[in-house]
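>>> Could you look at this predicted model? Sequence included:
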Amino acid sequence: MMTLAFSFLPFATTANPWLTAAAIGAVVLASTAGEVFTAAAMKSVGDLDQIRARSGMRGAIRAVLTSPLFFAGVFFLAVAFFSLLFALNHLNLSLVAPASASLTLVTNAVAGKIFLKENVDRRRWAAAGLVCIGVYLLAH
Amino acid sequence: MVQHKLLPRQYLILSLVAVCAPLGDSCLSRGMTAMPSISLADPGALIAAVFTPWIAAGIALLIGFFASYLTALSWADLTFVLPATAFGNVIVAFLSRFWLHEAISLERWAGIVLITLGVSFVAQGPSLTQHPAPIAEEALPEETVVTGGQR
């Protein structure tokens, strides 16, 4: 989502492979942590449609904004945003965008299983794998 | 995993997530490329960019995306929402092919097919993992509760 917004930034064409791995890894890890915390926050808040029906839009916004997990999620998403900024400063957009988008899908499936106790069955693993390769091909 | 089928309203929310993110990105990209080169030494230019029509439309769409995304996460698993919303990439690819008449390489068609397959896989399954309800403390037998005074 954030990559296109920063497509105007200049980038280098060559980079140390360790720096490449570290920069992309930082984006992927921070983004995964942000997604997991946000998902955990929304699970603890409950069905927003029901809350909105019961307490109105203001009640739904209050329910989200009073969750500490939500702010932890926003914090890590902000870290992911600045990591992406750093990565784009050193690497090609055509490498960072597909690599981080597709790797994040796989790390989210692993984190969802471990931290959110989601039942990631074979169907979901297959979906994550197919979408991961598909996003890479589409964005490369 | 318990079967948990989505309501039409919930499919609408997922469609909003899928459509708003790529459209918002496209608006931001179009707005930023139309602007003269911006230096990080001049942050005022970045703030001024927020009030241009394409950037403002992009931000509005991304706010819509985030609100729909949070709503979707409140009733569906993260591992369900993320692949399902990746379908937005396919929508953008089709828009660029048939609306903007851009060429799509064989590699990208392969990507579209794989994402569509992945989304159809995940959409056929349950959207939410049901965890057993925690046992209420008062329902526990009294002898299982160990207090300091009993030691």
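Structure received.

>>> ok, and does the longest helix belonging to chain B reach over to chain A?
Secondary structure assigned by DSSP state H gives helix B:8-34 as the longest helix of chain B. Yes: Helix B:8-34 comes into contact with chain A (Cβ under 8 Å from any Cβ of the partner chain), by way of B:R9, B:Q10, B:A21, B:G24, B:D25, B:S26, B:L28, B:S29, B:M32, B:T33. For the C-beta atoms, the positions are set from N, CA and C on the backbone; glycine is no exception.

>>> Which among those residues count as buried?
Burial by neighbour count, 16 or more other Cβ atoms under 10 Å in any protein chain shown: within those this picks out B:Q10, B:A21, B:G24, B:D25, B:S26, B:L28, B:S29, B:M32.

>>> Out of those, flag the one nearest to B:P83.
Taking Cβ to Cβ as the measure, B:A21 is the one of these closest to B:P83, at 13.7 Å.

>>> can you pull the contacts of the closest one?
Contacts for B:A21 were tallied using Cβ atoms under 8 Å, 6 or more residues apart in numbering or on different chains; they are A:M1, B:L61, B:L62, B:F65, B:T85, B:G88.

>>> which one is it nearest to, not counting chain neighbours?
In space, B:A21 comes closest to B:F65 once its chain neighbours are excluded; the distance is 4.5 Å by Cβ to Cβ, 6 or more residues apart in numbering or on different chains.

>>> I'd say that neighbour and B:L16 touch.
Yes: checked against Cβ atoms under 8 Å, the pair B:F65 and B:L16 is within contact range at 7.4 Å.

>>> Report the contact partners of the closest residue to A:A87 other than its chain neighbours.
Nearest non-adjacent residue to A:A87, counting by Cβ to Cβ, 6+ apart: A:A23, 3.9 Å away. Residues counted as contacts of A:A23 (Cβ under 8 Å, 6+ apart) are A:A15, A:S83, A:F86, A:A87, A:H90, A:L91, A:V96.

>>> Now do A:A23, the pLDDT please.
Among the per-residue scores, A:A23 shows a pLDDT of 87.

>>> Can you give me the separation between it and A:A80?
Taking Cβ to Cβ, to the nearest Å as the measure, A:A23 and A:A80 are separated by 12 Å.
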